[in-house]
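*Asks:* build me a structure from this.
(one chain, ligands or ions: 1)
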Amino acid sequence: MTTRRQFLTTTGSTLAAGALHAAAAEEKQAPLRFGLMADCQYMDAEPRGNKFYRESPRKLGEAIETMNRSRVEFSFHLGDWIDRDFASFDVLDPIAARHESKLYHALGNHDFSVARELKEKVPARLGMEKNYYSFNHGGCRFIVIDTTELSLYSSLPPNKMFLAAKVELEMITAPGGPAEHADQRIRYSSRPADGQIAWIENELAATEKAGEFAIILGHHPVLPDNALSLWRPALFETLFQKHQCAKAYISGHNHSGAYVESNGFHYLTLDGILPSELENAYAIAELYSDRLEIKGTGRQPSHSLIFR
Ligand SMILES: [Fe+2]
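*Replies:* Residues are numbered from 1 along each chain as shown. Got it, this is the predicted structure:
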């Protein structure tokens, strides 16, 4: 005869074994694997400081070979693909073509360091149908944002984004604002405009409703809040925090990389491909239901991003 205590013990251990089994089964199941790169920033120029521009195509090629060997479902390059010359795209084209799956781009500030009349051709030249977009894969919504939208470099006057950026800067650089960062923020920083913020909000609400989770990607970091982050980082911190389905924001721009966790949400800034003559920086990400494993190569550290 089975006593109640024996029944509970047996049932409990059966359930525990079942849960362990399920976890083990998920671990055995191949995770969704994707590549992460940022700041290739190629141009045909002599090195400046630790920026070895002519080494970038080689390093990009190496990263892409690793992505192919790892059989990634797709990869992201998170902005600053080129620097200073529209012809720089031509050098990277044959290397990018070696990527055997889809290579997604986010727009970066240096991608617009081209002749004035060519600025509006940049997204199409990167093969982008839209400047910001999302797609679903494996129960996860990948939301790629355009942090260059409201800026003094991605468009020219009288474009309304340029004019709105001027107004925004007056606010940022007003007394009490982060004046010590003003110069760098004016030249290199920016943010998604209000219409795009509403779009991000809708994307996150839809993700929540579908019972899925979201990873957001873009060029400029949100945190840590410093000269290299996008304009008005608190706005985006609040937005990501508000939606439990949002798990991480992955960016580039700061070539030294960074990692900040805030209330269980992860801010990962990738180390850039550009700095260092020899050493590369890129990562393969593995997506599980409870975490994102970042497996770094070269200067890129590895991280285990446990979902809240
Ligand atoms: Fe940048």
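*Asks:* which of the three states applies to whichever residue of the stretch 151-300 of the chain sits closest to the ion?
*Replies:* Using CB to the ion, the single residue of the stretch 151-300 of the chain nearest to the ion is His253, 3.8 Å away. No exception for glycine: its C-beta is placed from N, CA and C like everyone else's. The three-state label given to His253 by DSSP: H, G, I helix; E, B strand; the rest coil is coil.
*Asks:* wait, is Val167 part of a helix?
*Replies:* Yes: under three-state DSSP, Val167 sits within a helix.
*Asks:* the residue of the stretch 151-300 of the chain closest to the ion reaches Val222, doesn't it?
*Replies:* No: with contact defined as CB atoms under 8 Å, His253 does not count as touching Val222 (10.8 Å).
*Asks:* and the nearest residue to Phe213 once chain neighbours are set aside, how far is that from Ile216?
*Replies:* Leaving aside its sequence neighbours, Phe213 sits nearest to Cys245 (CB to CB, 6 or more residues apart in numbering; 4.9 Å). Plainly put, Cys245 is 11 Å away from Ile216 if you go by CB to CB, to the nearest Å.
*Asks:* one more: Val122?
*Replies:* 21 Å.
*Asks:* higher neighbour count, these two?
*Replies:* Higher neighbour count among Val122 and Ile216: Ile216, with 26 against 22, using other CB atoms under 10 Å.
*Asks:* name every strand pairing with whichever strand or helix holds the more buried one and say which way it goes.
*Replies:* Using DSSP states H and E, Ile216 sits in strand 213-217. Counting by DSSP bridges, the strands paired with strand 213-217 are strand 140-144 (parallel), strand 246-251 (parallel).
*Asks:* name the nearest residue to Glu279, sequence neighbours excluded.
*Replies:* Using CB to CB, 6+ apart, the closest residue to Glu279 is Gly298 (4.8 Å).
*Asks:* wait, that neighbour touches Leu278, no?
*Replies:* No: counting by CB under 8 Å, Leu278 is not a contact partner of Gly298; they are 9.0 Å apart.
*Asks:* can you pull the residues of the stretch 51-200 of the chain lying near the ion?
*Replies:* Within the stretch 51-200 of the chain, the positions near the ion by CB under 5 Å from the ion are Asp80, Gly108, Asn109.
*Asks:* helices - which of those residues land there?
*Replies:* Among those, no residue falls in helices (DSSP state H).
*Asks:* reformat those as JSON lines; add pLDDT.
*Replies:* Formatted as JSON lines, these follow (pLDDT from 0 to 100):
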{"residue": "Asp80", "pLDDT": "98"}
{"residue": "Gly108", "pLDDT": "98"}
{"residue": "Asn109", "pLDDT": "97"}
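*Asks:* if you rank these by neighbours, which is first?
*Replies:* Most surrounded of those: other CB under 10 Å gives Gly108, at 32 neighbours.
*Asks:* show me the contacts for that one.
*Replies:* Contact analysis of Gly108 by CB atoms under 8 Å, 6 or more residues apart in numbering lists Ala38, Asp39, Leu78, Gly79, Asp80, Trp81, Thr148, His219, Gly252, His253.
*Asks:* at 6 Å instead, please
*Replies:* By CB atoms under 6 Å, 6 or more residues apart in numbering, the residues touching Gly108 are Gly79, Asp80, His219.
*Asks:* which ones are touching the first one?
*Replies:* With contacts defined as CB under 6 Å, 6+ apart, Gly79 is in contact with Ala106, Leu107, Gly108, His219, Gly252.
*Asks:* give me the three-state assignment for the fourth one.
*Replies:* The local conformation at His219, judged by three-state DSSP, is coil.
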